[in-house]
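**Student:** prediction below, plus the sequence it came from.
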Amino acid sequence: MSLAHELVLEIFKYVYDDSIRCSFPNLVQLNWAYSDLTLTVLWAELNSLEPLLHLMPEDVVERHSVDGQWRYTIHRAPSALQLEWFYIYAPLIRAIKSFGPSINYDIIDGFTNILHCHTLASLSPLLLHLNRLELTYSRDPLLQFIPHIIHGGVRSLILPHRGILVGSVVSHLLQTTPPLQSLVYMSLDESTNDFARNIHLFPSLHDLTIPLLEASDMQIVVSHPSLQNLTLYIFYVLPLLQTITFSHPLCLLSFVFRGSFAADELARDSWDIVMTTLCQFPAPCRQLSIDLSCMSNGNALCNCLQLLADEPNLLHDTIFSPSNLMHIHVHANTILFSVPLPRNFLQPLYRLLLTHVDLASFNMCYLDDDDLYVLSDAMPQLQSLFLGTLSYWKTPPRASLSGVATVLRNCPVLIGLGLVFSCSLGQLDFEFLPVNRSITILNVRVSPPYNNHAVAYFLSRSLPNLCRTYIEPRQLRVHQYNHILHDRLLHFKGW
């Protein structure tokens, strides 16, 4: 492969995303060189294995389109010679990321035939260069074929929660011990405990997502020397744990509360559960992430941040210390009462050397320009800041473009920004606008501007490399009788 070919291939990979996916196939017809490059990119990541059926002759698999959907009729098993096209394109597959069934039930026989024919014809893995497999559908038929797909080149594996046959998949992993670096496995059966007790068989594993286990098994997991990122799912009830001890710090510690906690958090302060868990699992970490099912009391977040910052600052790397934190992320799937948080709720975090703060789930509409000044002046080292940008709030925002400019001026190393603000100019001075060339995507929740030209001038001057602006979640329906601005939707068009 020539250097020019490799460079163009890297460019193709860089520009290829969902927004231009439909235009890439046109390049196949341009010439042989572009055809080879384009097919390499198109086949590198699949969300289904159905394209493999299109490599079979019509007398093996008959294909026809009905209302834009492919339908297949399996006639017979292919011969070894009829796998010619399969062996050309299957090695191009590097990842399978499926958010639904990766194989439809009506084509299982066709895939089984291909697998059987390949097994008779070759000793090599079916998908020779597969390195990432991500399955999220609990009844994905592909689960039964994983023992034939997993091989020594697979580095990342994500298995569905409560997936059928997942236990047998883990048993296969323990027998073959592929050099996994990342694993997501959330079943609550005995196979999870078996994996935890044999985690030493995966010396390169550094990113792990599992349910919270009993103390003895969790102690084995956290003692794994290469473990860097640990995500713990906590379902139904919190296990009674003895305090876990740690031999080395983690890069990321994440708690995800699910199951009956959704109801339990209505009856009691959900943050009591969070702090109890953190006390029993005091992992030294640089990044802390907390994901709740729902939350009914925003003031509890303030209390938790205060307790978190008040934890003793210890100098060694074997116990949790807020002085080690650089990144804090708190998310709630459902906010039952969207009362804005108090203006000074972030004050406990000012004494920590945080570089990333993500509280995008919570109502930040009470923050005004003065609050943004105090925040940015106290935390000039911030590299990303997301406050209140995951939902639409009925409360009118108090901050203005002047506050946004203050944040950009006081935090010169920002690379990610999301704020709730009004598009009024406030005390903005256009002669002294800050310039940030690192931010390319801006997440905002705003009242749209009446002076579109002024806002466009501000964005073009202060964020010259801005490529995208996300204003509302895609699934959100904003009605024109919004009490902030009756013509909100019309003004969005001006953006």
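**Tutor:** Sure thing, it's come through.
**Student:** when you work out contacts or count neighbours from here on, use the C-alpha atoms and nothing else.
**Tutor:** Will do.
**Student:** for the stretch 51-200 of the chain, what spans make up the strands?
**Tutor:** Taking DSSP state E, counting those that start in this stretch, the strands of the stretch 51-200 of the chain run over residues 61-66, 69-74, 95-98, 132-135, 156-158, 182-184.
**Student:** could you say which of the ones you listed is packed most deeply?
**Tutor:** Burial of those is given as mean neighbour count (mean count of other CA atoms under 10 Å); strand 132-135 ranks first at a mean of 22.
**Student:** hey, C-alpha coordinates of that strand in CSV?
**Tutor:** The C-alpha trace of strand 132-135 is given here as CSV (Å, rounded to 0.1, in the frame of the first residue of the first chain):
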residue,chain,number,x,y,z
ARG,A,132,-14.9,-4.5,18.4
LEU,A,133,-18.3,-6.1,19.0
GLU,A,134,-21.1,-4.1,20.5
LEU,A,135,-24.5,-5.7,21.0
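**Student:** which residues of the chain score low on pLDDT?
**Tutor:** 1-36, 163, 236-241, 259-271, 294-299, 311-317, 334-339, 446-451, 472-495 (pLDDT under 70).
**Student:** for it, which strand is longest?
**Tutor:** Ranked by residue count and defined by DSSP state E, the top strand of the chain is strand 285-295.
**Student:** just checking, what packs against it?
**Tutor:** Contact here means 3 or more CA pairs under 8 Å, 6 or more residues apart in numbering; DSSP states H and E; on that basis strand 285-295 packs against strand 250-258, helix 261-267, strand 327-335.
**Student:** re the thing from before, just send the strands of the stretch 51-200 of the chain back as TSV, with distance to Pro397 too.
**Tutor:** TSV is the format used below for the strands of the stretch 51-200 of the chain (distance: least, CA to CA, whole Å):
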stretch	distance to Pro397
strand 61-66	49
strand 69-74	45
strand 95-98	39
strand 132-135	40
strand 156-158	40
strand 182-184	39
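**Student:** nearest to Val455, of those strands?
**Tutor:** Closest approach to Val455 among the strands of the stretch 51-200 of the chain (CA to CA): strand 95-98, 39.2 Å.
**Student:** who's in contact with that closest one?
**Tutor:** 44-48, 130-137 (CA atoms under 8 Å, 6 or more residues apart in numbering).
**Student:** now find how far off-centre that strand is within its chain.
**Tutor:** The chain centre lies 14 Å from the centre of strand 95-98; the measure is CA atoms, centre = their mean, to the nearest Å.
**Student:** what pairs with that strand, parallel or antiparallel?
**Tutor:** Sheet pairing for strand 95-98, assigned by DSSP bridges, gives strand 45-46 (parallel), strand 132-135 (parallel).
**Student:** CA atoms of that strand as CSV?
**Tutor:** Taking Å, rounded to 0.1, in the frame of the first residue of the first chain, the C-alpha atoms of strand 95-98 are listed here in CSV:
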residue,chain,number,x,y,z
ALA,A,95,-16.4,-3.4,14.2
ILE,A,96,-20.0,-4.4,14.6
LYS,A,97,-22.1,-1.9,16.6
SER,A,98,-25.7,-2.9,16.7
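**Student:** nearest to Leu463, of the strands of the stretch 51-200 of the chain?
**Tutor:** Among the strands of the stretch 51-200 of the chain, strand 95-98 sits nearest to Leu463 (CA to CA), with 33.8 Å.
**Student:** list the neighbouring strands of the longest strand of the chain plus their orientation.
**Tutor:** By DSSP bridges, strand 285-295 pairs with strand 250-258 (parallel), strand 327-335 (parallel).
**Student:** now tabulate these in TSV and tack on distance to Ser191 and mean neighbour count.
**Tutor:** Putting these into TSV (distance: least, CA to CA, whole Å; neighbours: other CA atoms under 10 Å) gives the following:
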stretch	distance to Ser191	mean neighbour count
strand 250-258	20	21
strand 327-335	29	18
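**Student:** can I get the strands paired with strand 95-98 in a markdown table with distance to Gly68?
**Tutor:** Converted to a markdown table, those look like this (distance: least, CA to CA, whole Å):
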| stretch | distance to Gly68 |
| --- | --- |
| strand 45-46 | 18 |
| strand 132-135 | 24 |
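**Student:** out of those, which comes closest to Pro342?
**Tutor:** Nearest to Pro342, of all the strands paired with strand 95-98, is strand 132-135, at 40.5 Å by CA to CA.
**Student:** ok, and what's touching the closest one?
**Tutor:** By CA under 8 Å, 6+ apart, the residues outside strand 132-135 that reach it are 94-100, 102, 154-160.
**Student:** just to revisit the earlier point, what is the orientation angle of the following helix or strand past the longest strand of the chain with strand 285-295?
**Tutor:** As assigned by DSSP states H and E, the chain's next helix or strand after strand 285-295 is helix 298-310. Here helix 298-310 points in a direction 160 degrees away from that of strand 285-295 (axes from the mean of the first three to the mean of the last three CA atoms, to 10 degrees).
**Student:** give the buried residues for helix 298-310.
**Tutor:** 298, 300-302, 304-306, 308-309 (16 or more other CA atoms under 10 Å).
**Student:** ditto for stretch 140-158
**Tutor:** Result for stretch 140-158 [16+ other CA under 10 Å]: buried residues 140-143, 146-147, 149-158.
**Student:** then stretch 198-209?
**Tutor:** So, applying 16+ other CA under 10 Å, buried residues of stretch 198-209: 199-202, 204-209.
**Student:** repeat for stretch 167-180
**Tutor:** Buried residues in stretch 167-180, counting neighbours by 16+ other CA under 10 Å, are found at 167, 169-174, 177-180.
**Student:** which outside residues touch it?
**Tutor:** Contact with stretch 167-180 is made by 143, 146-147, 150-157, 187, 189, 191-192, 195, 198, 201-205, as judged by CA under 8 Å, 6+ apart.
**Student:** how about 7 Å then?
**Tutor:** Applying CA atoms under 7 Å, 6 or more residues apart in numbering, the contact partners of stretch 167-180 are 146-147, 151-152, 154-156, 191, 201-202, 204-205.
**Student:** same check, this time on stretch 427-444
**Tutor:** By CA under 7 Å, 6+ apart, stretch 427-444 touches 389, 401-402, 405, 408-409, 412, 414-420, 461-471.
**Student:** give me the angle between the strand or helix carrying Thr276 and strand 250-258.
**Tutor:** Applying DSSP H and E as the criterion places Thr276 in helix 270-280. On the basis of the same axes, to 10 degrees, helix 270-280 is oriented at 140 degrees to strand 250-258.
**Student:** how near is Thr277 to Leu165?
**Tutor:** Plainly put, Thr277 is 31 Å away from Leu165 if you go by CA to CA, to the nearest Å.
**Student:** Lys97 now?
**Tutor:** Computed as CA to CA, the Lys97 to Leu165 distance reads 19 Å.
**Student:** where exactly do the strands run in the stretch 301-450 of the chain?
**Tutor:** Along the stretch 301-450 of the chain, counting by DSSP E, counting those that start in this stretch, strands occupy 327-335, 356-359, 384-387, 416-422, 441-447.
**Student:** can you put the contacts of stretch 167-180 in a markdown table and add distance to Gly110?
**Tutor:** Shown next, in a markdown table, are these (distance: CA to CA, whole Å):
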| residue | distance to Gly110 |
| --- | --- |
| Ile146 | 16 |
| Pro147 | 18 |
| His151 | 22 |
| Gly152 | 25 |
| Val154 | 24 |
| Arg155 | 27 |
| Ser156 | 26 |
| Ser191 | 30 |
| Leu201 | 35 |
| Phe202 | 34 |
| Ser204 | 35 |
| Leu205 | 34 |
